[in-house]
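**Student:** need a 3D model of the sequence below.
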Amino acid sequence: MHQVGWMRRRLFPAVAIPAVPPLKFTRPRCLRVHWLTVPLVRDSSSLLRRLSPRVPTPRRPQKLQNTSRLPDSTPSKDNRGSPPLPRLKNRVQDVPTVKRATSRISLYKNLLFLSSPPPASLPILLDYHRIHDGFRSAQSYNLLISLAIRHTAYGTVQFLFNAMSTDQIRGNLATQKLKTRWFVRTGYWEHAWHQVTTTHAKPIPLVLWLELLQGVTSVRPSHHRMAPRTTRVKSPQRRFQLLMRNIPPFLPDEDQRSARAVRVLARAMLALNRPQAALSLTARYLNGIPRDIGVQWAKQCVAIIDSIVAFECRKRGLVDFHSARRKLNSLLAIHPMFHPTPRTLYLLLGTLRQAKRRGTVAWQTLNTFKTRWGPEVEDRRVRRRVASYAIQERRLEIIDKVFDAERRSRALVREARTSEERRLVPSGQMPFRGMYPQHGYEQRLWKWLSIRALKVKLQLKEKTAIKLSDPST
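**Tutor:** Numbers count the residues shown, from 1 in each chain. You can find the predicted model right below:
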């Protein structure tokens, strides 16, 4: 074995291969991938991202914002080459038109001004409220608590209640109403009922009773552990029976506030699948109100009718549409001051989702309502629903008419915005629908709808071209 190996080495000597340096391939700059370490970020899907690849692409030079009002964002002489500091979001200096308050009333009015459209963010309102030590009141706290509940910022709600007790500010009935709403929204209905019954003797105040009635169907467990559960969770039927046994003295029909109470009670009945009881309650109340009522009272009564129509939207068909329309006409005929709103027509058209000719029927219904009640019954949501049905039915003439009406409406809105005067301080807290009109959401839906309409037009055009090119047809 050793001799064979020795002869093999003599016959086939090892050839020295020169060392070849490794190839250096330089990737173009536009194709380089850089791995940047990013701090932990929790996105909407609750996943943690530690590393993120970034491919640099040529970008256009961005215009720097006017930062003359921010002295800390202006680069000094020592760091002229460095970029300006990022502008802080939660700073009161970003709102230079609002001065510091000098009294409790002026602080509340300034908060109302900041919350009017376009509203300031909740952190800005909290910071503005925090710097006015000595001027804070129960009215200002109630405004911020209601906004925090609207934004489902329940940790902020607890912080505001703690700050209110630290400032030794006694709450009023509106504060108790907000606290009851807080417990009901977070799943502690029984705890809210226990606090209301121990704090107030019978009868319960009507505003607190209505807050408990609005959450009668909320049986989902809460993820916010703010208060211990006193009793076990009752079913919605038992909660409703408990509230009916402890109903406070109801407002008379001559009082405008009675409309909201009837609307909440009717919605609770509908949520418990009692449509006949809700319909009879609504008809009895509408027949008992006086004949000379104001515009606001009439709108609240129409909101009760909208609740009945919204329950009919669960049914989807042409027969259900005609049934809901007959109920709507019978309720609107009770009082001469009742006029349908765009929300009423939007809910009524919701029953046509599974109808075969939904686009045609929706377009005819819209024209009928405009002829009878005026153009005030049409808005962006109504046009969007009619256009969606027309796209599904592939009615191009209806699609073109609806989109033309939307373009004219947008042009009128732009002209009104240019000639709009300076906004004034509102006299009271605005409804949340007025503070947050959701224009961006509607804009996205219209963009998606326009893409669908374009696809339908292209498909119909291709079918027409195929038929013309086929000689057999």
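
**Student:** so which residues of the protein form strands?
**Tutor:** 34-42, 48-54 (DSSP state E).

**Student:** where does the stretch 101-250 of the chain have low pLDDT?
**Tutor:** By pLDDT under 70, the low-scoring segments of the stretch 101-250 of the chain are 218-234.

**Student:** no wait, the stretch 351-473 of the chain
**Tutor:** Using pLDDT under 70, the stretch 351-473 of the chain drops low at 417-438, 471-473.

**Student:** can you give me the helices in it?
**Tutor:** 358-373, 380-393, 396-418, 432-435, 439-469 (DSSP state H, counting those that start in this stretch).

**Student:** redo those helices as TSV? Include distance to P248 and mean neighbour count.
**Tutor:** Quick note: C-beta positions are derived from backbone N, CA and C, even for glycine. Formatted as TSV, the helices of the stretch 351-473 of the chain follow (distance: least, C-beta to C-beta, whole Å; neighbours: other C-beta atoms under 10 Å):
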stretch	distance to P248	mean neighbour count
helix 358-373	37	17
helix 380-393	36	22
helix 396-418	44	14
helix 432-435	26	13
helix 439-469	38	12
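
**Student:** A163 is nearest to which of the ones you listed?
**Tutor:** Among these, helix 432-435 comes nearest to A163, with 22.7 Å by C-beta to C-beta.

**Student:** let's have the helices of the stretch 351-473 of the chain in a markdown table, adding distance to L143.
**Tutor:** Formatted as a markdown table, these follow (distance: least, C-beta to C-beta, whole Å):
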| stretch | distance to L143 |
| --- | --- |
| helix 358-373 | 36 |
| helix 380-393 | 29 |
| helix 396-418 | 27 |
| helix 432-435 | 12 |
| helix 439-469 | 23 |
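
**Student:** which of these sits closest to T198?
**Tutor:** helix 432-435 (30.4 Å).

**Student:** how about the helices in the stretch 51-200 of the chain?
**Tutor:** Under DSSP H, counting those that start in this stretch, the stretch 51-200 of the chain gives helices at 104-115, 122-130, 138-150, 154-166, 173-185, 189-199.

**Student:** typo on my end, the stretch 201-350 of the chain
**Tutor:** Under DSSP H, counting those that start in this stretch, the stretch 201-350 of the chain gives helices at 206-214, 236-245, 258-271, 275-288, 295-312, 318-332, 342-349.

**Student:** adding mean neighbour count and distance to R104, write those helices out as CSV.
**Tutor:** As requested, these are exported to CSV (neighbours: other C-beta atoms under 10 Å; distance: least, C-beta to C-beta, whole Å):
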stretch, mean neighbour count, distance to R104
helix 206-214, 20, 23
helix 236-245, 15, 36
helix 258-271, 21, 28
helix 275-288, 16, 39
helix 295-312, 19, 28
helix 318-332, 16, 44
helix 342-349, 22, 37
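
**Student:** please name whichever of the ones you listed is nearest to V386.
**Tutor:** Across the helices of the stretch 201-350 of the chain, V386 has its closest neighbour in helix 342-349 (7.0 Å, C-beta to C-beta).

**Student:** so what pLDDT did the spatially closest residue to C301 that is not a sequence neighbour get?
**Tutor:** Leaving aside its sequence neighbours, C301 sits nearest to A259 (C-beta to C-beta, 6 or more residues apart in numbering; 5.6 Å). With respect to pLDDT, A259 scores 90.

**Student:** any idea how far L107 is from A259?
**Tutor:** Distance, A259 to L107, by C-beta to C-beta, to the nearest Å: 32 Å.

**Student:** what does the model give N66 for pLDDT?
**Tutor:** On the pLDDT scale, N66 is placed at 43.

**Student:** offset the numbering so it begins at 51, please.
**Tutor:** Taking 51 as the first residue, the last one we looked at is N116.

**Student:** ok so, going back, got CSV for the helices of the stretch 251-400 of the chain, with distance to G205 too?
**Tutor:** Listed next are these as CSV, based on distance: least, C-beta to C-beta, whole Å:
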stretch, distance to G205
helix 256-264, 21
helix 286-295, 27
helix 308-321, 27
helix 325-338, 36
helix 345-362, 32
helix 368-382, 42
helix 392-399, 33
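
**Student:** the helices of the stretch 101-250 of the chain: which one's closest to E465?
**Tutor:** Using C-beta to C-beta as the measure, helix 154-165 is the one of those that comes nearest E465, at 25.2 Å.

**Student:** and that closest one, what's buried?
**Tutor:** 154, 157-165 (16 or more other C-beta atoms under 10 Å).

**Student:** and the angle from it to helix 172-180?
**Tutor:** Going by axes from the mean of the first three to the mean of the last three C-alpha atoms, to 10 degrees, helix 154-165 is angled at 170 degrees with respect to helix 172-180.

**Student:** distance from helix 154-165 to the middle of the chain?
**Tutor:** 24 Å (C-alpha atoms, centre = their mean, to the nearest Å).

**Student:** before we move on, what about stretch 382-401?
**Tutor:** For stretch 382-401, the distance to the chain centre is 23 Å (C-alpha atoms, centre = their mean).

**Student:** quick one: contacts of that stretch?
**Tutor:** Stretch 382-401 is contacted from outside by 333, 336-337, 339, 341, 343, 345, 348-349, 351-352, 355-356, 359-360, 362-363, 365-367, 370-371, 374-375, 378, 381, 412, 415-416, 419, 423, 426-429, 431-432, 435-436, 439, using C-beta atoms under 8 Å, 6 or more residues apart in numbering.

**Student:** let's see it at 6 Å
**Tutor:** 336-337, 343, 348, 352, 356, 359-360, 363, 370-371, 374, 412, 419, 423, 427, 429, 431-432, 435 (C-beta atoms under 6 Å, 6 or more residues apart in numbering).

**Student:** one more: stretch 355-369?
**Tutor:** 316-317, 320, 325, 374, 378, 381, 393-394, 397-398, 400-401, 403-405.

**Student:** if we can go back for a sec, make JSON lines out of the helices of the stretch 101-250 of the chain and add distance to Y491.
**Tutor:** JSON lines is the format used below for those (distance: least, C-beta to C-beta, whole Å):
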{"stretch": "helix 154-165", "distance to Y491": "20"}
{"stretch": "helix 172-180", "distance to Y491": "19"}
{"stretch": "helix 188-200", "distance to Y491": "16"}
{"stretch": "helix 204-216", "distance to Y491": "23"}
{"stretch": "helix 223-235", "distance to Y491": "22"}
{"stretch": "helix 239-249", "distance to Y491": "30"}
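
**Student:** nearest to R445 among those would be which one?
**Tutor:** Comparing the helices of the stretch 101-250 of the chain under C-beta to C-beta, the one sitting nearest is helix 188-200, at 39.3 Å.

**Student:** what angle do helix 204-216 and the closest one make with each other?
**Tutor:** 160 degrees.

**Student:** for helix 188-200, buried residues please.
**Tutor:** Those would be 188-199, for helix 188-200 by 16+ other C-beta under 10 Å.
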